[in-house]
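1. Make a model of this:
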Amino acid sequence: MDLRLPCIRLMKRAVRLAKNWHAVVPAATESERNHLMNLIKEEFSKHAQDMSVVDNAYIKSLSSRLDMIEHYKTPFERPTHYAQHSTVLDFHGLKKQKQIASQAKLPSSKQNTASAEDTQTTNSD
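-> This is a model prediction of the structure:
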């Protein structure tokens, strides 16, 4: 399949976007336009010589990147890998959970585990 036409359409779309770019902060418009143009030059110069390397997945990823730029109104790449919620510690929440566990005398709390073992040994005697 010839990918030359979709690639040219994508490049035209990107150049048009960079040319007509209006930043959220008007003072940053020129720097964001320059960033977009540099991004376009960088991406398309990679594959300018050898079009056989370009495939549909690459064109689709660049198209989605342009969609994200238009949607979020920022030409800079957004971070996509955030820390998992399980890796972020909420110390206030942990303190509150420990406090509730100690008040409820749950067997899972360290403070009450020893007392639960003591009551089991006294009941078995």
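
2. Please enumerate residues in contact with the helix or strand hosting residue 31?
-> Assigned by DSSP states H and E, residue 31 falls within helix 29-46. For helix 29-46, the external contacting residues (C-beta atoms under 8 Å, 6 or more residues apart in numbering) are 7, 11, 14-15, 17-19, 21-23, 62, 69, 74-76. C-beta: built from backbone N, CA, C; applies to glycine.

3. can you pick the most crowded of the residues you listed?
-> residue 75 (24 neighbours; other C-beta atoms under 10 Å).

4. any idea whether that residue is helix, strand or coil?
-> What DSSP: H, G, I helix; E, B strand; the rest coil gives for residue 75 is coil.

5. Could you tell me the phi and psi values at it?
-> Per-residue torsions, residue 75: phi -80, psi -10 (degrees, to the nearest 10).

6. give me every residue that touches it.
-> Per C-beta under 8 Å, 6+ apart, neighbours of residue 75: 21, 32, 35, 36, 39, 69.

7. Let's have those in TSV, adding distance to residue 3.
-> Output for the contacts of residue 75, formatted as TSV (distance: C-beta to C-beta, whole Å):
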residue	distance to residue 3
21	26
32	29
35	26
36	23
39	20
69	22
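
8. Turn these into TSV, columns for distance to residue 95 and pLDDT.
-> As requested, these are exported to TSV (distance: C-beta to C-beta, whole Å; pLDDT from 0 to 100):
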residue	distance to residue 95	pLDDT
21	48	92
32	44	92
35	44	91
36	47	92
39	46	88
69	43	90
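
9. Considering these, which is situated nearest to residue 58?
-> Taking C-beta to C-beta as the measure, residue 58 lies nearest residue 39 of the contacts of residue 75, at 14.7 Å.

10. that older thread, got the buried residues for the very next helix or strand once past the helix holding residue 31?
-> Sequence order places helix 56-72 as the next helix or strand after helix 29-46, per DSSP H and E. Within helix 56-72, the residues that count as buried by 16 or more other C-beta atoms under 10 Å are 58, 59, 62, 65, 66, 69.
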